[in-house]
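Participant: using only what follows, build the 3D model:
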Amino acid sequence: MPRSPVADLPREVGVLVVVAFFVALGFGIVAPALPLFARQFGVGTAASAAVISVFAFLRIAFAFPAGRLIDRLGERLVLTTGIAIVAVSSALAGLAQSYWQLIVLRGAGGVGSAMFSISAMSVLVRLVPPAQRGRAVGLWSGGFLLGGIAGPGLGGVVTSVSIRLPFFLYAGTLAMAGAVALVALRGTPLADKADAATAVRTSLATAVRMPAFRAAVAANFADAWASMGVRAALIPLFVADVLHKSVVWTGIGFWCVAGVNGLVLLPAGHYADRVGRRPVLITGCALAGSAFLLLALWPSLPGFLIAMGVLGLGSGLLDVAPAAVVGDVVEGRGGPVFAAYSMSSDVANVVGPVAAGAIAETSYSDAFGLTAAILGGAVLAGIAMPETKDLAERRAAASGERSPQVGDEVVGVLDADRQANEIARDLQGGARNAGMGHAAGVLDERLDPTE
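Facilitator: Numbers count the residues shown, from 1 in each chain. Below is the predicted model:
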């Protein structure tokens, strides 16, 4: 019997993969219906597209608040609350009686989506040991990929039955995802309020000073610009306007991307864990950039199909390496750090189609060339970063060299020329900082200053 890919990983990885699948499935179901439903209220094309944009804008606007909530409340509560917000807002959107009701409810969904995605990533990369982190991220991305593939086809069928039905199905898949997360992550370490109050935290300023974090953000931005933004917005137009082919070929090209992407996720994760994140990140950016360079220089059907396969390969590598780097960089909690990383892809998804689309009005080759240049910049950032695979071990070794021994601290307190109540206070504070709440009470009895 073949071994399960999550057999030796923490149980929470499988839970998050299931959650990711249901979330992506529901989003894929509702995506085809959104602009069509908006038009039911008598608005134009731009206003219909705004229903999609408001979701992305609110994800960006609420990214940092979501990160701070994670540090304060813990990942599990923020994750399940975020899913609940998206589920309720989606169900209410299916009942919307005006365009502005739909806009407000989709915006609320963007807030919940930011809470879910950032907290889920935080749990995933912090809970899994560094030696398994790449594979875990690959599996998580695979959950999103499978849900994203299955959702739109099912959504098209459901939309033909009722324009409102997809919203209720979306709410249903989210309810299942939320229930799974709430129950299955109940005992997860690092995901509760008590831990949020005591854990070590990595600030965003500290992360930004690290070349590895900057490279991860650059790669995530470039990948989102290329794979989600420009591919989704320009490739269908490119196939029609330049190649003069039917929409069927657009679908075939997208299937090439998704198929190769899915095939490479687990091998990429294994390689990132065994050899390192840096080569996977650099190679992913280089391959994705070469795909768009090929489109710019060889605008033909064979060139298009080859480019889509190469893009799937590069994108699959980038679904693994940058997130693993961020997990390596963060020591303890780092909600704002994960928020900044997530925001980089959201910004690219919003800005990429607009900027590349404006250039494509004149030249598709120039638009693809700009995308290749952005990915090239991420390659340079990757070359400049150090390897992070063993960063946790190096930190532990350095901490062991610098940290004074507990015995030295106790001797220092006892040797001080102080009153007994001062000594007791210092020892109690040390016990509490070490997580020994009961020890402070014992010290109260043993070091009573009246004795």
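Participant: now what about stretch 203-218, what contacts it?
Facilitator: 281, 321-323, 325-326, 328-330, 334, 336-337, 340-341, 344, 377-378, 381-382, 384-386, 388, 391 (CB atoms under 8 Å, 6 or more residues apart in numbering). Using the backbone N, CA and C atoms, a C-beta is placed for each residue, glycine as well.
Participant: show me how to select, in ChimeraX, the buried members of those.
Facilitator: ChimeraX command restricting the contacts of stretch 203-218 to the buried ones, with burial defined by 16 or more other CB atoms under 10 Å:
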select :281,321,322,323,325,326,328,329,330,334,336,337,340,341,344,377,378,381,382,385,388,391
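Participant: run through the stretch 251-400 of the chain and note the low-pLDDT ranges.
Facilitator: 396, 399-400 (pLDDT under 70).
Participant: show me where it has helices.
Facilitator: 277-297, 301-318, 321-329, 335-360, 364-384, 391-402 (DSSP state H, counting those that start in this stretch).
Participant: most packed of those helices?
Facilitator: Ranked by mean neighbour count, these are led by helix 321-329 with a mean of 29 (mean count of other CB atoms under 10 Å).
Participant: that helix: how far from the chain's middle?
Facilitator: 11 Å (CA atoms, centre = their mean, to the nearest Å).
Participant: could you tell me the angle between it and helix 335-360?
Facilitator: Between the axes of helix 321-329 and helix 335-360, defined by axes from the mean of the first three to the mean of the last three CA atoms, to 10 degrees, the angle is 160 degrees.
Participant: just the CA trace of helix 321-329, in PDB.
Facilitator: C-alpha atoms of helix 321-329 as PDB (Å, rounded to 0.1, in the frame of the first residue of the first chain):
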ATOM      1  CA  ALA A 321      10.000  28.000  -1.400                       C
ATOM      2  CA  PRO A 322       9.000  31.500  -0.400                       C
ATOM      3  CA  ALA A 323       6.500  30.400   2.300                       C
ATOM      4  CA  ALA A 324       9.100  28.000   3.700                       C
ATOM      5  CA  VAL A 325      11.600  30.900   3.900                       C
ATOM      6  CA  VAL A 326       9.200  33.000   5.800                       C
ATOM      7  CA  GLY A 327       8.600  30.100   8.200                       C
ATOM      8  CA  ASP A 328      12.400  29.800   8.700                       C
ATOM      9  CA  VAL A 329      12.800  33.500   9.300                       C
END
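Participant: and the contacts of it?
Facilitator: 121, 124-126, 128, 130, 133-134, 137, 202, 207, 210, 212-213, 215-217, 219-220, 223, 268, 272-273, 277-278, 280-281, 284, 337-338, 341, 385, 388-389, 391-392.
Participant: isn't residue 70 up against residue 119?
Facilitator: Yes - judged on CB atoms under 8 Å, residue 70 makes contact with residue 119 at a distance of 5.3 Å.
Participant: overlap of the contact sets of those two?
Facilitator: residue 78.
Participant: roughly how far apart are residue 28 and residue 34?
Facilitator: 11 Å (CB to CB, to the nearest Å).
Participant: check residue 385 too.
Facilitator: 38 Å.
Participant: cool, residue 294 as well?
Facilitator: Taken as CB to CB, the span from residue 294 to residue 34 is 32 Å.
Participant: which helix or strand lies directly C-terminal to the helix or strand harbouring residue 131?
Facilitator: Residue 131 is part of helix 130-161 when elements are defined by DSSP states H and E. Downstream of helix 130-161, the first helix or strand assigned by DSSP H and E is helix 165-184.
Participant: got the angle between that next one and helix 130-161?
Facilitator: 150 degrees.
Participant: what does helix 165-184 rub up against?
Facilitator: Here helix 165-184 has contacts from 11-12, 15-16, 18-19, 22-23, 25-27, 29-30, 32-33, 37, 76, 79-80, 83-84, 86-88, 90-91, 93-94, 155, 158-159, using CB under 8 Å, 6+ apart.
Participant: same check, this time on stretch 231-248
Facilitator: 249-250, 253-254, 257, 295, 299-301, 304, 308, 311, 352-353, 356-357, 360, 364, 367-368.
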